[in-house]
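Asks: Here is a sequence together with a model predicted from it:
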Amino acid sequence: MNDHFQEKFIEEAKELVSGLEEALLLLEDNPDDTKHIEEVFRVMHTLKGSGAMFGMNEISEFTHNLESLYVFVKEQQIPVTKQLLDLTLDSVDHIKVLLSQKIDKGTLSNGLELSGKILQHIKNAGIEVLQDSESSDILPDKVREQDKIIDQQKSVATFYILFKPGKEILRDGTNPLYLLDELSTMGSTYIFRHSDNVPTFRKIDPALCYTFWEILMATGNVIDDIHDVFLFVEDVSTIEILKIADCNILDNSDFIRKAESLFVEGEAMSKAILKNISEELIVLPGKLQSKPVDKAVIPVSETGKKDNHKKENITIKQQPEAYENRGISSIRVSSDKIDNLMNNISELVIVQARLSLLADKMNQPDLSQISESVEKLSRQLRDNVFNISLVPVKNLVARYKRLVRDLSKELGKEIDFFTEGTETALDKNIIESLTDPLLHIFRNSIDHGIEDIETREKIGKPEKGKITLKAYYSGSEVHIAVEDDGGGIDINKIKEKAVNKGIIKAGASPGEKEILNLIFLPGFSTASKVTGVSGRGVGMDVVMRKIKDIRGNVEIDTEVGKGTTITIKLPLTLSIIDGLLVSVADSLYVLPISVVDKIFPVKHKELQDSFNNIIVLDGGQILFIYLRSEFVIGGEAPVYEQVVVVRHGEQKVGLVVDAVIREYQAVLKPVGSHYKDQDFFSGATILGDGSIALILDTNRIVSKFTNDNQ
Amino acid sequence: MDEKQKANQNSYLTFRLGKELFAADVRYVLHILPVPEITEVPNSTDYMKGVINHGGKVLPVVDTRVKFNMPQVEKTKNTCIIVVEINSNNDTINVGAVVDSVHDVLEISDEQIQPQPGIGSKYQSEFIDGMIKEKDEFIILLNMNKVFSAEEVDTIVKTPETGNQKPETKNQES
């Protein structure tokens, strides 16, 4: 049971850590952006909180140090320097190790060393660390000191907190005592326990929580911080937080005595009375006008809402919402279930196609209306299910950004990292299996691809190298390309090596592509020197194997002196596309609507008379591809043909078809490996009447056409 | 029939192309279908006839006559598609094969299968698992994995270089 929750936490924490990494790298680019500092701080805080909640104390403790450091950064007492970021990134690595749960002595001492460094960093910034007599058992002394500093920097106030956990809270793996512990770390507390609801031993259900607490706490934190402690339980619990004094009233023994007298087992104290007592006791010069009681009570839970619905809600509400946007509230579903759902939807889409076909035939307005609604719904359903299983490539980016940063530093190179199209989404499983192959590719680019600074200067390239990670859809594939502006791969060198190794015969003259593909053979490396990073001949073969495992392919384009692009081509496993149904002669084809720009009717004669397959449309010259001849389909062309202008990278190209029929939601089906060598189609789809239409891969059609006609 | 004999026995589906009778191990055969509308795939190799909708899946269909280097014929009421499941490149794939007619299912024991004669046979030996003699007629037992593989094999008939006369002529006279 516990393991299950820890697993959940680790999964979540991993996401948090990668978010943290991303935020740190962004911070590095814009050190003054307080937004990023806030983000870093927020993630650390969540990590610390949930770490403690799930009993991952090492993580919680360690992150706590970091968080303390960032409190000062946030308050601009410590500047954002490279040193600071290096330290933080090292710490992030340490957290990752902790999360991997492969903790040995090394990691622990590493952790201590890092914690030392962090505290040193705070000290170096000239912030005095105060001694604190009371130290908690959970946290190392030094950390407590940090807490104290934080506390003292803010004005201390006393809060009344009612924490009435939902009965079922234990079932979620939450231990309310941890929350009380966390509260105690924020300041001095006085806790009243209401346990008279606990039934007799016979009737007790150990999985239910019968107890609730009232806490009086003096702390330098603001009300939001207290709410953060309950962040994960506020949906199921009653939480009321009320500021009762603007100073530490707990030091006043009169107050405690009076509070104790108010305490009635099983009933919450009257906040109004409590507040009155505190006000009576505090004699402040120019007494601060404290807020009326009812306004300051912030209802969070269902039960809380009944109490009052005043405007003050807003102040706190912002916080949980921010968290919600981060997608923290999530459920995990086995991928099998999603696959089943996808299959069902594919079938639904096909059935829906039949329905609309029938509706067209019957020509009954009622039926057409229903059919249209079904179409709309199935489209929405499809999109939603897609969204469930797709994650953007963005999730991968942070770790490569980090890799580029660290490795280039290590190798004494300067490299800028750019990304394009990171919103391109892929199946989560595919994203995961991409991690290692991409890592290899990046390493190769950084190590062998990009030249060192001197060499770059000598050949007149900008000092800084450039690596770009691009992701984009191409027909039914997703391409992920890693592009560098380095030295490129010398084909002759590979050939030489291959001849030496006896892989190709000395006299043979294989094509360029063939030679390049030799790189994917096991044990083939062209790096003249072996570095710690790469060049040991393992790598590209592993890359190829792993990508093949997920039915993808790897391609290399390179130019000596200019750079190398390695493209991973992956099939879209989830594959319903919005298409445009067109016809050429008797055959129907589907074009992905995402690439379609405009459609023009053009006279056949005009196309026939055109020179070099160029026509003028919309005032611009457009290259057109005449599909009828491209597909070797005979027959008479209609008088008017349709030129479907599609985007091909930056370029626009017209595809000439006989007729454009309508929009069509196409369930993309593979055509099988017997057609793996053909260049025009990414798959096929089954139409409403059961016949098949091929789905055109416009990118490949255009590339092939331009290559053939050069 | 005692147990030992039974163990050696397999079922084979026989089908006809032109005058010749071929056999396929039934373990590869999934369905036998009437020929539906076939959607042609432009610019594909000659022996690929196109794709069909087979139970909601897109099934590639091989024109077996082209593979066996036989002339095209008009579709008859006996023409059908055998859907086979084969292993190609460590992948299990389904493919349809258009044949002139299906014939029979025969129980044949391993002893009855003879090796293909090296000389005088017009098919490349790797595609043939052996010959079966059944009632004065020789049935050619096909290696389904090889014949219907997704690898591009234009024809399984021996080319003149491999020391055989052009099979087309032979086919017509038989």
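Replies: Happy to help now that I have it. Residues are numbered from 1 along each chain as shown, chains lettered A, B, ... in the order given.
Asks: CA atoms for contacts and neighbours, from now on please.
Replies: Fine.
Asks: Around chain A, which positions in chain B sit nearby?
Replies: B:37, B:39, B:41-44, B:48, B:51-53, B:56-60, B:93-94, B:149-152 (Cα under 8 Å from any Cα of the partner chain).
Asks: What about those residues, which are in strands?
Replies: Among these, DSSP state E puts B:48, B:51-53, B:57-60, B:93-94 in strands.
Asks: Export the residues you listed as a markdown table, with columns for neighbour count.
Replies: As requested, these are exported to a markdown table (neighbours: other Cα atoms under 10 Å in any protein chain shown):
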| residue | neighbour count |
| --- | --- |
| B:48 | 23 |
| B:51 | 28 |
| B:52 | 25 |
| B:53 | 20 |
| B:57 | 16 |
| B:58 | 24 |
| B:59 | 24 |
| B:60 | 29 |
| B:93 | 20 |
| B:94 | 23 |
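Asks: Report the two of those residues separated the most.
Replies: B:48 and B:57 (17.0 Å; Cα to Cα).
Asks: Once you drop chain neighbours, what's closest to the residue of chain B found nearest chain A?
Replies: Proximity of chain B to chain A (Cα to the nearest Cα) peaks at residue B:150, 4.5 Å away. Among residues not flanking residue B:150 along the chain, residue A:674 sits closest, at 4.5 Å (Cα to Cα, 6 or more residues apart in numbering or on different chains).
Asks: residues in contact with the one you found?
Replies: B:48, B:60, B:149-152 (Cα atoms under 8 Å, 6 or more residues apart in numbering or on different chains).
Asks: what about residue A:256, how many neighbours?
Replies: Neighbourhood size, residue A:256 [other Cα atoms under 10 Å in any protein chain shown]: 16.
Asks: Could you measure from residue A:381 over to chain B?
Replies: To chain B, residue A:381 is 20 Å away according to Cα to the nearest Cα, to the nearest Å.
Asks: give me the element residue B:32 is part of.
Replies: Element membership for residue B:32 (DSSP states H and E) is strand B:29-34.
Asks: in its sheet, what does that strand sit against?
Replies: Partner strands and pairing direction for strand B:29-34 (DSSP bridges) are strand B:80-88 (antiparallel).
Asks: For the strand it pairs with, C-alpha coordinates in CSV please.
Replies: Only the C-alpha atoms of strand B:80-88 are listed here, as CSV (Å, rounded to 0.1, in the frame of the first residue of the first chain):
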residue,chain,number,x,y,z
CYS,B,80,-10.4,-15.9,-54.2
ILE,B,81,-8.0,-14.5,-51.7
ILE,B,82,-6.2,-16.6,-49.1
VAL,B,83,-5.4,-14.5,-46.1
VAL,B,84,-2.2,-15.8,-44.6
GLU,B,85,-0.3,-14.9,-41.5
ILE,B,86,3.4,-15.1,-42.0
ASN,B,87,6.6,-14.1,-40.3
SER,B,88,8.7,-11.6,-42.1
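Asks: who's in contact with the one helix or strand residue A:158 maps to?
Replies: Take DSSP H and E as the rule and residue A:158 turns out to sit in strand A:157-164. When contacts are defined by Cα under 8 Å, 6+ apart, strand A:157-164 is touched by residues A:211-221, A:237-250, A:268, A:271.
Asks: which bits of chain A sit near chain B?
Replies: A:587, A:631-633, A:669-675, A:678, A:684-686, A:690-694.
Asks: Just to be sure, which of those are found in strands?
Replies: Taking DSSP E, the ones among the residues of chain A next to chain B that sit in strands are A:587, A:684-686, A:692-694.
Asks: Now residue 107. Its backbone dihedrals?
Replies: Since you didn't name a chain, this refers to chain A. phi -70, psi -40 (degrees, to the nearest 10).
Asks: Could you pull up the contacting residues of it?
Replies: Counted by Cα under 8 Å, 6+ apart, residue A:107 has contacts A:94, A:97-98.
Asks: can you do 10 Å?
Replies: Contact analysis of residue A:107 by Cα atoms under 10 Å, 6 or more residues apart in numbering or on different chains lists A:94-95, A:97-98, A:113.
Asks: One more: residue B:39?
Replies: Applying Cα under 10 Å, 6+ apart to residue B:39 gives the contacts A:586-588, A:684, A:691-694, B:49-53, B:60-61.
Asks: So which of those residues is the closest to residue A:43?
Replies: Distance to residue A:43 across the contacts of residue B:39 (Cα to Cα) is lowest for residue A:684, with 45.1 Å.
Asks: Okay, and the beta partners of the closest one?
Replies: Here residue A:684, judged by DSSP bridges, has bridge partners residue A:669, residue A:694.
Asks: before we move on, back to that, what would the ones in strands among the residues of chain B next to chain A look like in TSV with pLDDT?
Replies: Shown next, in TSV, are those (pLDDT from 0 to 100):
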residue	pLDDT
B:48	89
B:51	92
B:52	91
B:53	87
B:57	82
B:58	88
B:59	91
B:60	92
B:93	87
B:94	90
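Asks: nearest to residue A:173, of those residues?
Replies: residue B:57 (45.3 Å).
Asks: Find the nearest non-adjacent residue to that closest one, please.
Replies: residue A:669 is the one closest to residue B:57 (Cα to Cα, 6+ apart), at 7.1 Å.
Asks: filter the ones in strands among the residues of chain A next to chain B to the buried ones?
Replies: Among those, those buried by neighbour count (16 or more other Cα atoms under 10 Å in any protein chain shown) are A:684-686, A:692-694.
Asks: Kindly reformat those as JSON lines containing pLDDT.
Replies: Putting those into JSON lines (pLDDT from 0 to 100) gives the following:
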{"residue": "A:684", "pLDDT": "87"}
{"residue": "A:685", "pLDDT": "87"}
{"residue": "A:686", "pLDDT": "83"}
{"residue": "A:692", "pLDDT": "90"}
{"residue": "A:693", "pLDDT": "91"}
{"residue": "A:694", "pLDDT": "91"}
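Asks: Show me which pair in the residues you listed is furthest apart.
Replies: Of all pairs in these, the most separated under Cα to Cα is A:686 and A:694 at 8.8 Å.
Asks: what do the two both touch?
Replies: The contact sets of residue A:686 and residue A:694 overlap at A:666, A:668-669 (Cα under 10 Å, 6+ apart).
Asks: ok, of those residues, which one's closest to chain B?
Replies: Distance to chain B across the shared contacts of residue A:686 and residue A:694 (Cα to the nearest Cα) is lowest for residue A:669, with 6.5 Å.
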